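K.L.:
Below: sequence and its predicted model.
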Amino acid sequence: MWSKVALIFYTFHAVFSMMYGFEVKKQNYEKVAYYKIGIAVAAVLFAFAYRPVDNLAFWLSVPHVLWSIFSAVYHYSIHQMNHNKK
């Protein structure tokens, strides 16, 4: 059961990553920030859903989760700084 839940979260992660790429290409940085948040949330949910399946895989995914959270905070803060200038 947990592997199916993890696969659903991984699918969300993949879709958000794909959409992030499209928005970067269009230079729509507001949506880029929101997709980065979606990627971070999906990474966290995927890691915790996969933990009961394979504990080692969970710990190996922790650096990716931390990087996703950092990237989401970074992109959102830049979006907020640019948004406040308008």
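P.N.:
Alright, I've got the coordinates.
K.L.:
what number of residues lie near A57?
P.N.:
By other CB atoms under 10 Å, the residues close to A57 number 12. For every residue, glycine as well, the C-beta is placed using N, CA and C.
K.L.:
what helices or strands is the helix or strand encompassing it leaning on?
P.N.:
A57 is part of helix 55-85 when elements are defined by DSSP states H and E. Contact partners of helix 55-85 among helices and strands, from 3 or more CB pairs under 8 Å, 6 or more residues apart in numbering; DSSP states H and E: helix 29-50.
K.L.:
quick one: average pLDDT of the helix holding A57?
P.N.:
Throughout helix 55-85, pLDDT has a mean value of 91.
K.L.:
and what of stretch 1-13?
P.N.:
For stretch 1-13, the mean pLDDT works out to 88.
K.L.:
Let's verify the residue lying closest to A49 once chain neighbours are set aside: helix, strand, or coil?
P.N.:
With sequence-adjacent residues excluded and distances taken as CB to CB, 6 or more residues apart in numbering, A49 is closest to A6, at 4.0 Å. Recorded secondary structure, A6: helix (DSSP: H, G, I helix; E, B strand; the rest coil).
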